[in-house]
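**Student:** Mind folding the following:
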Amino acid sequence: MSRVLGEHALTAVVNSNIFMFMMMGVVMGIGMAAGVGIGQSIGADDRSGIRKVVGTAIASVLAFALLVAVAGWWMAPIALDRMHVPDEAHDAAVTYLRLVCLSMPSTFLFVLMMMLLRGTGDARTPFRFSLLWIGLGLVLSPVLLTGAFGLPRLGIAGVALGGLLANGIALLSLVAYLYRRRVLITLRGADLRYLRPDLRIVKMLTTRGSPMALESFVVQGSYFVLLAMVNDYGAKTAAAYSAAAQLWNYVQMPSIAVASAMSAMSAMNIGAQRWDRVERIARRGCLLAVTLTGATCLLLQLLGDWPLQLFLPQGGETLAKARGINDIVLWGWVVQAITGGLCAIMRSNAAMLAPTLIYGITMWVVRVPFAKALEPLLGEAAIWWSFPMGTANSALLAWAYYRWGGWRNKRLVGKPGG
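**Tutor:** Alright, predicted model coming up:
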């Protein structure tokens with residue numbers, strides 16, 4: 001994209017995505033709580049409970065997504081002004097963010113369905129349809145961006161519209177697949193009444209999911225502050241950070257997928273009261289997540305500048321800055337894989353508040369103060385060093401709470417008092 005529209009277009013995308021990820025936290029909170037409820041219901045052989053959770057979760061997420069789409073369109077310029085987005089990227093960021101807000105209903109429903117499926121123990125179907133989603137985006141966005149095949153050249157609006165179309169097609173394909181295969185979470189006939197939210201389950205999803213939603217606001221809020229600091233160093237630094245951050249998204253994908261599987265597997269075994277298996281899932285899952293993340297980091301290092309050149313032109317000051325940022329930040333994501341895995345295990349027993357507090361301390365007690373305190377001494381490098389400082393802190397806190405915390409004492413979802 002930056003090769004066609006310039007480096008500032010990438011800055012516009014990364015700044016805008018902060019808000020999408022912030023809102024996504026609410027959906028992931030609902031999805032995580034629903035997935036835990038589904039997993040524990042499967043372990044307890046409660047089929048009716050599964051469908052009640054599914055219907056209420058879908059209705060809740062759809063209502064939230066529509067609200068965000070309307071509010072986001074109106075508030076986009078105000079939010080981006082607060083982030084000190086460089087003038088060169090401001091108008092493009094407003095256009096992109098507004099169109100991303102319109103795509104949120106389909107995006108949020110797709111993400112929710114992925115989490116509900118993982119709650120049943122099915123990690124393969126989410127993986128396949130995620131590949132479809134990503135693949136469609138990689139094809140449609142460049143076509144609409146450049147105006148290939150005789151289509152109008154839409155610029156950065158084409159990138160967002162390509163994502164919207166990819167979301168919609170992937171979601172419809174997934175729904176058709178689930179109904180054709182008669183998957184456990186599909187609602188048919190009389191089960192469609194569960195799309196009318198059950199207030200008891202809404203309360204459960206809100207109670208269990210709100211800590212993770214709060215976690216998203218805590219994490220993305222810290223990125224909001226750090227990104228404003230980055231933007232103050234000018235358009236080139238902002239573009240360099242944006243390119244490096246794109247690679248970090250791919251680095252974290254393996255550990256996120258492993259953590260999702262760990263949560264689903266643990267929830268089922270907790271429902272069946274097999275705590276010995278939960279311990280094995282934690283050990284082996286974290287080892288797998290660290291191995292996969294480490295391998296991805298090693299590959300990126302061996303490839304040199306080539307991955308960054310997917311987002312930035314060859315040579316020049318911006319590419320050199322992005323390389324320097326990656327050298328400091330990249331390997332910290334290996335340690336973050338431990339945090340993600342252990343927090344997933346804790347959440348599988350509906351211990352949602354502890355991970356939120358862990359991330360809150362990491363971001364607002366360690367990372368942001370570290371960057372601000374050392375900025376007069378290190379300049380922009382203080383921002384980059386705050387990342388590994390934060391990931392190391394979060395891993396230590398997660399391990400300590402996993403080892404000595406009271407997360408194992410939570411009641412099962414749907415049980416009295418749960």
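**Student:** right, and the helix or strand after the helix or strand of the chain with the lowest mean pLDDT?
**Tutor:** The weakest-scoring helix or strand in the chain, judged by mean pLDDT, DSSP states H and E, is helix 2-5 (a mean of 49). Using DSSP states H and E, the helix or strand that directly follows helix 2-5 along the chain is helix 7-43.
**Student:** If you count neighbours, what's buried in that next one?
**Tutor:** 7-20, 22-43 (16 or more other CB atoms under 10 Å). All C-beta spots, glycine's among them, are computed from the backbone N, C-alpha and C.
**Student:** Name the next helix or strand downstream of that helix, please.
**Tutor:** helix 47-82.
**Student:** buried ones in the helix or strand immediately after that next one in the chain?
**Tutor:** Next helix or strand after helix 47-82 toward the C-terminus (DSSP H and E): helix 87-119. Along helix 87-119, these residues count as buried under the neighbour rule (16+ other CB under 10 Å): 88-90, 92-119.
**Student:** and what of stretch 326-344?
**Tutor:** 326, 328-344.
**Student:** what does stretch 221-235 give?
**Tutor:** 221-227, 229-231, 233, 235.
**Student:** how far does it sit from the chain's center?
**Tutor:** A distance of 20 Å separates the centroid of the chain from that of stretch 221-235, by CA atoms, centre = their mean, to the nearest Å.
**Student:** Surely residue 140 and residue 165 touch.
**Tutor:** Yes - using CB atoms under 8 Å, residue 140 makes contact with residue 165 at a distance of 5.2 Å.
**Student:** about what we covered before: between the buried residues of stretch 221-235, which is nearest residue 248?
**Tutor:** Nearest to residue 248, judged by CB to CB, of the buried residues of stretch 221-235 is residue 223 at 11.4 Å.
**Student:** For that closest one, I want the exact helix or strand it lies within.
**Tutor:** Once you assign secondary structure using DSSP H and E, residue 223 falls within helix 199-231.
**Student:** show me where pLDDT drops low in the stretch 101-250 of the chain?
**Tutor:** Within the stretch 101-250 of the chain, no stretch has pLDDT under 70.
**Student:** Please, where are all the helices along the stretch 251-400 of the chain?
**Tutor:** 275-302, 317-329, 332-347, 353-360, 368-378, 381-404 (DSSP state H, counting those that start in this stretch).
**Student:** Mind giving me the packing neighbours of the third one?
**Tutor:** Where contact means 3 or more CB pairs under 8 Å, 6 or more residues apart in numbering; DSSP states H and E, helix 332-347 is packed against helix 235-271, helix 275-302, helix 353-360, helix 381-404.
**Student:** Distance from the chain centre to that helix, please.
**Tutor:** On CA atoms, centre = their mean, the centre of helix 332-347 falls 14 Å from the chain's centre.
**Student:** What of the last one?
**Tutor:** Computed by CA atoms, centre = their mean, the separation of helix 381-404 from the middle of its chain amounts to 18 Å.
**Student:** Stretch 94-113 too?
**Tutor:** Centre-to-centre, stretch 94-113 and its host chain are 13 Å apart (CA atoms, centre = their mean).
**Student:** repeat for stretch 140-149
**Tutor:** Counting by CA atoms, centre = their mean, stretch 140-149 comes out at 26 Å from the chain centroid.
**Student:** Dump the C-alpha coordinates for it into CSV.
**Tutor:** Backbone C-alpha positions of stretch 140-149 (Å, rounded to 0.1, in the frame of the first residue of the first chain) are rendered in CSV as follows:
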residue,chain,number,x,y,z
LEU,A,140,-9.5,-7.4,-2.9
SER,A,141,-7.8,-4.5,-1.1
PRO,A,142,-5.0,-4.1,-3.6
VAL,A,143,-7.4,-4.4,-6.5
LEU,A,144,-9.6,-1.7,-5.2
LEU,A,145,-6.6,0.4,-4.1
THR,A,146,-5.0,0.4,-7.5
GLY,A,147,-8.0,0.1,-9.8
ALA,A,148,-6.8,-3.1,-11.4
PHE,A,149,-9.0,-4.9,-14.0
